[in-house]
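Participant: attaching a predicted model along with its sequence, questions to come.
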Amino acid sequence: MEYTFQWRPVMRQLPDLLEAGFMTLQVSILAMILGTVIGLALALVRMNAPWQVRWLATTWIEVARNTPALFQLFFFGFGLGAFGINLSPFVIVLSGLTFNTAGYLAENFRGGFQAIPDTQLKAARSLGMSASQSYIRIIIPQVFRIIYHPMTNQMVWVVLMSSLGMLVGFRELTGETQFFASRTFRIFEYFMVTAIIYYFIVKIILGLSKLIAWRLFRY
């Protein structure tokens, strides 16, 4: 049985797919920003806080890194719903991606901190800087430089994993594609175009990453 390709329905819905792609990028960028801030805090807590507080950071990291991302998404979507906490699909996806990203980046940050000699912190303190000033002005900028490329990979991962949002009713790129494909039965055509859109989104992210790296690290 021969399959007849019909691209016209896909082309008619292309603006909607591009808008959904923008939604994917929006939730991914927000998750990456929040995940970076929380991941940095988790790394600092795990390294410096008393054990009474450290176990909270350790638990977050272990759960985020050792359970499926889909499980974490369902927890925010359906697990909290069992307790009467009902979140919108956007917030569910944002929460799930942020939770997962923070856990992974926390370990990247910890590795970055451990790669910096302790003498730098001691030298900063000897110059009269407080502990917070030493970290903010001396240590943390170097950590970001060390883990810059792993952070780029994490951003790509967040964009691709946002496709799981369709399972909780979020109309991002994959969810919108599934919606239109189920109405027109042009499964291959829709998902082929969607794959191309994902490809260009990732290539744009990698291109911007290289440009930023060249501007920040060329010296």
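Facilitator: The structure has been received and is ready for your questions.

Participant: any regions of this protein where pLDDT drops low?
Facilitator: Along the chain, the parts satisfying pLDDT under 70 run over 1, 218-219.

Participant: try 80 this time
Facilitator: Flagging of the chain using pLDDT under 80 yields the residue ranges 1-5, 52, 216-219.

Participant: longest helix anywhere in it?
Facilitator: Across the chain, the longest stretch assigned as helix under DSSP state H is helix 14-48.

Participant: now do that helix: which elements does it pack against?
Facilitator: Judged by 3 or more CB pairs under 8 Å, 6 or more residues apart in numbering; DSSP states H and E, helix 14-48 is in contact with helix 51-66, helix 89-115, helix 148-161, helix 173-184, helix 187-217. Yep, even glycine has a C-beta here, placed from its N, CA and C like the rest.

Participant: and it, what's buried?
Facilitator: Neighbour-count burial for helix 14-48 flags 17, 20-21, 23-25, 27-28, 30-32, 34-36, 38-40, 42-46 (criterion: 16 or more other CB atoms under 10 Å).

Participant: got it, and stretch 191-201?
Facilitator: 193-194, 197-198, 201.

Participant: try stretch 102-121
Facilitator: Neighbour-count burial for stretch 102-121 [16+ other CB under 10 Å]: 102-110, 112-113, 121.

Participant: adding distance to residue 164, write the residues you listed out as JSON lines.
Facilitator: Putting the buried residues of stretch 102-121 into JSON lines (distance: CB to CB, whole Å) gives the following:
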{"residue": "102", "distance to residue 164": "17"}
{"residue": "103", "distance to residue 164": "16"}
{"residue": "104", "distance to residue 164": "16"}
{"residue": "105", "distance to residue 164": "19"}
{"residue": "106", "distance to residue 164": "21"}
{"residue": "107", "distance to residue 164": "22"}
{"residue": "108", "distance to residue 164": "22"}
{"residue": "109", "distance to residue 164": "25"}
{"residue": "110", "distance to residue 164": "26"}
{"residue": "112", "distance to residue 164": "28"}
{"residue": "113", "distance to residue 164": "31"}
{"residue": "121", "distance to residue 164": "40"}
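
Participant: which parts of the host helix or strand of residue 71 are buried?
Facilitator: Per DSSP states H and E: residue 71 is located in helix 69-74. Residues of helix 69-74 classed as buried under the neighbour-count rule (16+ other CB under 10 Å) are 69, 72-74.

Participant: and the two most separated of those residues?
Facilitator: Greatest spatial distance in these: 69 and 74, 9.8 Å, computed using CB to CB.

Participant: ok, the buried residues of helix 69-74 vs residue 146, which is closest?
Facilitator: Checking the buried residues of helix 69-74 one by one against residue 146 (CB to CB), the nearest turns out to be residue 69, at 25.1 Å.

Participant: the closest one contacts residue 96, correct?
Facilitator: Yes. Contact criterion CB atoms under 8 Å: residue 69 and residue 96 qualify, at 6.9 Å.

Participant: what's the overlap in contacts for those two?
Facilitator: Shared contacts of residue 69 and residue 96, defined by CB atoms under 8 Å, 6 or more residues apart in numbering, comprise residue 164.

Participant: what about residue 153, how many residues nearby?
Facilitator: Residues contacting residue 153 under the criterion other CB atoms under 10 Å number 13.
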